[in-house]
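> Could you look at this predicted model? Sequence included:
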Amino acid sequence: MFTRARLHLTLLYSALLGVTIVLVAGAIGILAVQEARRSEDRQLQIRAQSMAAAIPPGPPPSPSGPPPIPGPPPGVERPPLRLEQQGLLEYFLPVRDGQIFTPPFGGVSGLPDLSAAEQAKQSGKGQFNTIKVSGNDLRIYTLPVVRDGRTDAVVQVGRSLYFVNAAVADLALIAVIAGAAGLALSAAAGYWLAGRTLRPISEAMDRQRNFASDASHELRTPLTVILTNAELLTLHPERSLAHYQDVVSDIIVETQRLSRLVADLLTLARADQGTAARSLANVDLSEIAITVTRQFEPLAEAKGLRFESSIEPAIFVSGDADRLQQLAVILVDNAIRYTNTGRVRIEVSRGRGTATLSISDTGLGIAPEHHKRLFERFYRIDTARSSEDGTGLGLALAKWIVESHHGHIDLVSAPGAGSTFTVSLPLSPAPLYPQDQAAVDRSPVGPISSTSRRG
Ligand code: ADP
């Protein structure tokens, strides 16, 4: 799928580039050829005009023709002289009594071009034409010499188009080679670029696929438990509900887990779409930490853990009070769940332009190889140590909340040495007016029940 899309993109890109190269090179080539021909014609015209001016007025002059090609030394056979080797051919044909007089012509068969000379004499104007001489194109300019309304002579100046045609052929060859090389190079670059562009998309799709399969797996477990227990209830309808206290309580616990999971999944899906609601207010992080401490202290004590807190008052950040509370709950809840002895500590302090929320524990700790992947969705270190009611989404949610508040989250942890999660957020100034503080107080930082511990 990735390779096919990459090939398609490369092909599309190369085809577009190929068409562009052909159009641009074609236009340049046509203009260059036209310009070369025009300049060649101009030279012939100038030459013919200067020759016509040199013909003396008066009785018709003696005819001129191309000089006879010098013969070879005696005993040496002369190779046939090719047209392109003869340079500029120039001669004039006298006109006597309206008749064009043809001089004896040496060297080049096919010349003079009598039909062009006749046309020029009749029209009284110079004209260009191209004829074939010994298999080569010869460009000729024919100019009548008209004096006192009488045509005295016709001048013809010609040059082989061999060099112009050879230059055009060379130009075309160079254009084809350069175009093909450029196309091959840019196709290779396009293939590489397409790979680079598509890789994140392909990775995102892989993640999405894994996410969907992990989510289905996580949803199936509580659903199976609920279904099995519900079926159990229907087996003996004559028995009273009191008889099934454990079964009902299992159903309730699993339904709560299910609803938590669905809520987390929904938040993350909305976060991916960029539609997760986030209200902006000046939020008192210290107040949130105090609330979470109050909520979780009994839970920690019930587990035999010390719950310590060090909270600097009135530390404000700009953000969503609900989400920031959810963040603190996730981290404190994890700290308590993954700590069997010792203490859990929550700290809020002010740094240079930052507010810091730090949650540390003396629990199991996390090996360095897990640190990077720990914030991925459904990533759990091992099912044996991960708690039964965990979903593997807590830290992914925590990371999204922190990043959507333009902060970052760091982890310092080692197996057996406990863990410290430190969240740094941009500090906001404390509200100046009482009504601002009232808005903060009204922010929905309500009590959290142990079943809806993650929001
Ligand atoms: P879960 O719902 O499983 O707790 P999280 O995303 O919150 O999912 O955490 C991912 C994994 O990281 C947990 O399964 C656990 O193995 C590990 N973990 C998280 N917090 C701690 C901690 N404070 N101490 C030790 N391990 C932790």
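Sure, I can see it. These numbers were taken from a predicted model, which means no experiment stands behind them. Residues are numbered from 1 along each chain as shown.

> Quick test: name the residue nearest the centre of this protein.
In the chain, the centroid-proximal residue (C-alpha atoms, centre = their mean) is Thr197; its distance is 5.1 Å.

> Which strand or helix spans it?
Assessed by DSSP states H and E, Thr197 sits inside helix 162-235.

> Can you name every helix or strand that that helix contacts?
Using 3 or more C-beta pairs under 8 Å, 6 or more residues apart in numbering; DSSP states H and E, the elements in contact with helix 162-235 are helix 2-54, strand 136-147, helix 245-273. Every C-beta, even on glycine, is put in place using the N, C-alpha and C of the backbone.

> Deepest-packed of the ones you listed, please.
strand 136-147 (a mean of 21; mean count of other C-beta atoms under 10 Å).

> how far is the helix holding Thr197 from where the chain is centred?
Taking C-alpha atoms, centre = their mean, to the nearest Å, one finds helix 162-235 lying 12 Å from the centre of the chain it belongs to.

> Is it correct that Gly319 is in contact with Val283?
Yes: the criterion here is C-beta atoms under 8 Å, and Gly319 meets it with Val283 at 5.3 Å.

> neighbours around the residue in the stretch 101-250 of the chain that the ligand sits nearest to, how many?
Here the stretch 101-250 of the chain gets closest to the ligand at one residue, Glu218, 9.8 Å apart by C-beta to the nearest ligand atom. If you count neighbours by other C-beta atoms under 10 Å, Glu218 ends up with 21.

> Distance of it relative to Ala169?
71 Å (C-beta to C-beta, to the nearest Å).

> got the helices and strands packed on helix 162-235 as TSV, with mean pLDDT and distance to the ligand columns?
Shown next, in TSV, are the helices and strands packed on helix 162-235 (pLDDT from 0 to 100; distance: least, C-beta to the nearest ligand atom, whole Å):
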stretch	mean pLDDT	distance to the ligand
helix 2-54	89	29
strand 136-147	90	82
helix 245-273	89	9
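
> So which residues on this structure come close to the ligand?
Within the chain, the positions lying close to the ligand (C-beta under 6 Å from any ligand atom) are 334-335, 338, 361, 363-364, 366, 374, 379-381, 385-386, 390-396, 419.

> Now the buried members of these.
Buried members of those, scored by 16 or more other C-beta atoms under 10 Å, are 334-335, 338, 361, 363-364, 366, 374, 379-381, 390-396, 419.

> Among the residues you listed, name the ones in strands.
When DSSP state E defines the strands, the subset of these inside them is 361, 419.

> Spell out which residues sit in contact with Val146, please.
Val146 makes contact with 124, 152, according to C-beta atoms under 8 Å, 6 or more residues apart in numbering.

> where's Ala355, which helix or strand?
Element membership of Ala355 [criterion: DSSP H and E] is strand 354-361.

> List the neighbouring strands of that strand plus their orientation.
For strand 354-361, the paired strands and their directions (DSSP bridges) read strand 343-350 (antiparallel), strand 419-428 (antiparallel).

> how many other residues sit next to Leu114?
Neighbour count of Leu114, defined by other C-beta under 10 Å: 13.

> Nearest residue to the residue nearest to the centre of the chain in space, ignoring adjacent ones along the chain?
Sequence neighbours aside, Leu9 is the residue nearest to Thr197 in space, at 7.7 Å (criterion: C-beta to C-beta, 6 or more residues apart in numbering).
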